[in-house]
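Colleague: Give the three-dimensional model of this entry:
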Amino acid sequence: MTTTHKSAGKVALSFQLLKEALQGKEIDYTTVSIRKAVIMLAIPMMLEMMMESVFALVDLYFVGHLKESSIAIQTVGLTESVLTVIYSVAIGMSMAATAVVARRIGEKNKEGAAHSAAQVLIIAFLVNTVLSIAGIIYAKEILMAMGATEQAAEHGQMFTKIMMGSSIAIMLLFLINGIFRGAGNAAIAMKSLWVANICNVILCPILINGLGPIPAMGLTGAAVATATGRSIGVLYQSYHLFWGKGLMRLAARHFKVDAEVMKSLVKIATPGIFQFVIASCSWIVLARLVAVTGGEDGSAGYQTALRLMMFFMLPAWGLSGAASTLVGQNLGANAPGRAEESVMKTVKYNVIFMLTVSLIFFYWEIGWLVFLAR
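Modeller: Next up, the predicted model:
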């Protein structure tokens, strides 16, 4: 076989693998080649994480065209900074869900996987209820504590109330996707974010600017659009979670409270939650510092740049999610060697991805500086 034919065969194989990953074809990740397993999980997970960051970018783009754009962008950014606490809890819980579900799937214990998934959803509802109520009641105070002026806080408090009040949709998006990832069906997780973002992109300009009988809602419209888009994404997830044809299907019997399983899930989730809460606190402190020292314009610019950066950083978390699933399933299948090899291969791909992104940004910046210097 000639070199040309070999290259063509590799390209065809790569496209076939990409197609299978996007379609969500179910395979046994404990038996296929590790390279294929990593790619099949990593591609949809990376796209999923990119889609999660699109919510804030879409909101920033559309509210940036409002009359009081600086206040609007600052409000969106500061609210998103506060929401990182909820993201942290959601990510920590989703890591626990992925780990436990993957372990049970690796053991071929579908009933145990479904029971664990139901328990983590119960915990999520209890935790999020407290956070949502606090966010609704103290929305204005939260914005002012983050460094917003009283005028900006007054103007943007409804946006914050809606976003905090609907944060259960954020929690469920992360958690249910974590459940699907643990079951090895990362494509459903990715598609749920596609559905949510498409709805948000359609609704944002309509609700912000108005259309026909629909009145212009301004900044509040962005919150309503995002909350609605995320909620539709959760409904899409729920359909596949309760009535889908995949490995993971929940029923009413799985929601019987199991204190031991809950305790185990909280124990697994706690380190991850604190890990991300610590990181979130640094984002919050920086956001407040910029808001206080840079004013509305400085804060708006900082928040825009931050969201763009997160768009390229979040896919790295997607790759780490692939490692979590493979480690859990292979340990459940009593294959610790494959679990270790999966981690090392995922680390290799993550380094290549982040290095590529860093080089693109570096040379892009150099190019702009050269252009501006002329």
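
Colleague: Can you list the low-confidence ranges for the stretch 1-150 of the chain?
Modeller: 1-26, 49, 53, 68 (pLDDT under 70).

Colleague: just so I have it, where are all the helices in it?
Modeller: 3-23, 34-63, 69-106, 110-137, 139-145, 150-165 (DSSP state H, counting those that start in this stretch).

Colleague: Indicate which one of these is closest to residue 201.
Modeller: Nearest to residue 201 among the helices of the stretch 1-150 of the chain is helix 34-63 (5.7 Å), distances taken as C-beta to C-beta. Yep, even glycine has a C-beta here, placed from its N, CA and C like the rest.

Colleague: Next, the buried residues of that closest one.
Modeller: 34, 37-56, 58-63 (16 or more other C-beta atoms under 10 Å).

Colleague: where does the stretch 201-350 of the chain dip in pLDDT?
Modeller: For the stretch 201-350 of the chain, the ranges with pLDDT under 70 are 247, 283, 296, 300, 303-304, 307-308, 310-312, 314-315, 318.

Colleague: got the residue ranges for the helices in it?
Modeller: 219-243, 259-332, 336-373.

Colleague: most tightly surrounded among those helices?
Modeller: Most buried of those by mean neighbour count (mean count of other C-beta atoms under 10 Å) is helix 219-243; its value is a mean of 21.

Colleague: Please compute how far it lies from its chain's middle.
Modeller: On the basis of C-alpha atoms, centre = their mean, to the nearest Å, helix 219-243 is displaced by 13 Å from the centre of the chain it belongs to.

Colleague: Against which helices or strands is that helix packed?
Modeller: The contact analysis (3 or more C-beta pairs under 8 Å, 6 or more residues apart in numbering; DSSP states H and E) places helix 219-243 against helix 34-63, helix 69-106, helix 150-165, helix 167-182, helix 186-209.

Colleague: what's the distance between the longest one and the middle of its chain?
Modeller: Same thing as helix 69-106. With C-alpha atoms, centre = their mean, you get 6 Å for helix 69-106.

Colleague: what helices or strands is it leaning on?
Modeller: Counting by 3+ C-beta pairs under 8 Å, 6+ apart, helix 69-106 packs on helix 34-63, helix 110-137, helix 139-145, helix 150-165, helix 167-182, helix 219-243, helix 259-332.

Colleague: and of the ones you listed, who's closest to residue 82?
Modeller: helix 139-145 (5.7 Å).

Colleague: Switch the helices and strands packed on helix 69-106 over to JSON lines, and while doing so, append distance to residue 368 to every line.
Modeller: Output for the helices and strands packed on helix 69-106, formatted as JSON lines (distance: least, C-beta to C-beta, whole Å):
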{"stretch": "helix 34-63", "distance to residue 368": "20"}
{"stretch": "helix 110-137", "distance to residue 368": "39"}
{"stretch": "helix 139-145", "distance to residue 368": "33"}
{"stretch": "helix 150-165", "distance to residue 368": "31"}
{"stretch": "helix 167-182", "distance to residue 368": "34"}
{"stretch": "helix 219-243", "distance to residue 368": "29"}
{"stretch": "helix 259-332", "distance to residue 368": "14"}
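
Colleague: out of the helices and strands packed on helix 219-243, deepest packed?
Modeller: Highest mean neighbour count among the helices and strands packed on helix 219-243 (mean count of other C-beta under 10 Å): helix 167-182, a mean of 27.

Colleague: Same list (the helices and strands packed on helix 219-243) but as TSV, adding distance to residue 330.
Modeller: Formatted as TSV, these follow (distance: least, C-beta to C-beta, whole Å):
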stretch	distance to residue 330
helix 34-63	9
helix 69-106	6
helix 150-165	38
helix 167-182	13
helix 186-209	16
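
Colleague: closest one to residue 344 among those?
Modeller: Per C-beta to C-beta, nearest to residue 344 of the helices and strands packed on helix 219-243: helix 34-63, 9.1 Å.

Colleague: before we move on, the earlier item: can you tell me which of the helices and strands packed on helix 69-106 is nearest to residue 367?
Modeller: Using C-beta to C-beta, the nearest of the helices and strands packed on helix 69-106 to residue 367 is helix 259-332, at 16.7 Å.

Colleague: So for residue 238, which of the helices of the stretch 1-150 of the chain sits nearest?
Modeller: So among the helices of the stretch 1-150 of the chain, helix 110-137 is nearest, using C-beta to C-beta, at 10.1 Å.
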